[in-house]
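# give the three-dimensional model of this entry:
(4 chains)
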Number of protein chains: 2
Amino acid sequence: MSAPAINRAPETLLTPGQVAALFHVDPKTVTRWAHAGRLGSLRTPGGHRRFRESEVLQLLASLTTEAVRR
Amino acid sequence: MSAPAINRAPETLLTPGQVAALFHVDPKTVTRWAHAGRLGSLRTPGGHRRFRESEVLQLLASLTTEAVRR
DNA sequence: ATCCAATGGGGTAATTAGGGGC
DNA sequence: GGTGTCCTAATTACCCCATTGG
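A predicted model of the protein is given here:
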């Protein structure tokens, strides 16, 4: 790979509060998911968590069920 | 903010208890509706359900019968 | 350096899920 | 056929305060 090891990741990161708003849960719950390994987490040097928008949206979509139309 | 997507809440989500309060039924009944496919269900990684407010309101309206003015 | 809002960690109460039977 | 209530187990919500982020 001639590509540099460090890809400048234009990956949009979300705060626990943002993820919590998407699922309508408490930010602490999102932290619990990360701790349980259900969600990949990026840690800041201070210990705060950041989540990948793409991963969160994919998880959200995979857990969404449409109502049957009749 | 060049971050698209999550800036604004896509839709307001309701808990089973909230939906049950709107219909004056037991939360268990709302769960049955979701299981029957009458209501779109959004599951949290923990297994709890969340419902779209717009969808619930639409269902509520569709089940509402108004008296005919004559 | 200060400000303010949000996050983390711990612990406890409330809600939810699932099955079973009326 | 559909709903309310019983049970237990799991998940989530809210409380505190110290620290982090911008």
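# checking my notes, residue A:17 in a helix, right?
Yes - counting by DSSP: H, G, I helix; E, B strand; the rest coil, residue A:17 is found in a helix.
# skip the chain neighbours and tell me the closest residue to it.
Nearest non-adjacent residue to residue A:17, counting by Cβ to Cβ, 6 or more residues apart in numbering or on different chains: residue A:27, 5.2 Å away. To be clear about C-beta, it is placed using only N, CA and C from the backbone, and glycine gets the same treatment.
# my read: the one you found touches residue A:20, true?
Yes - using Cβ atoms under 8 Å, residue A:27 makes contact with residue A:20 at a distance of 4.3 Å.
# scan chain A for its longest strand.
strand A:49-52 (DSSP state E).
# now do the buried residues in whatever helix or strand comes next after that strand.
With elements assigned by DSSP states H and E, the helix or strand that comes after strand A:49-52 is helix A:53-62. By 16 or more other Cβ atoms under 10 Å in any protein chain shown, the buried positions in helix A:53-62 come out as A:53, A:56, A:57, A:59, A:60.
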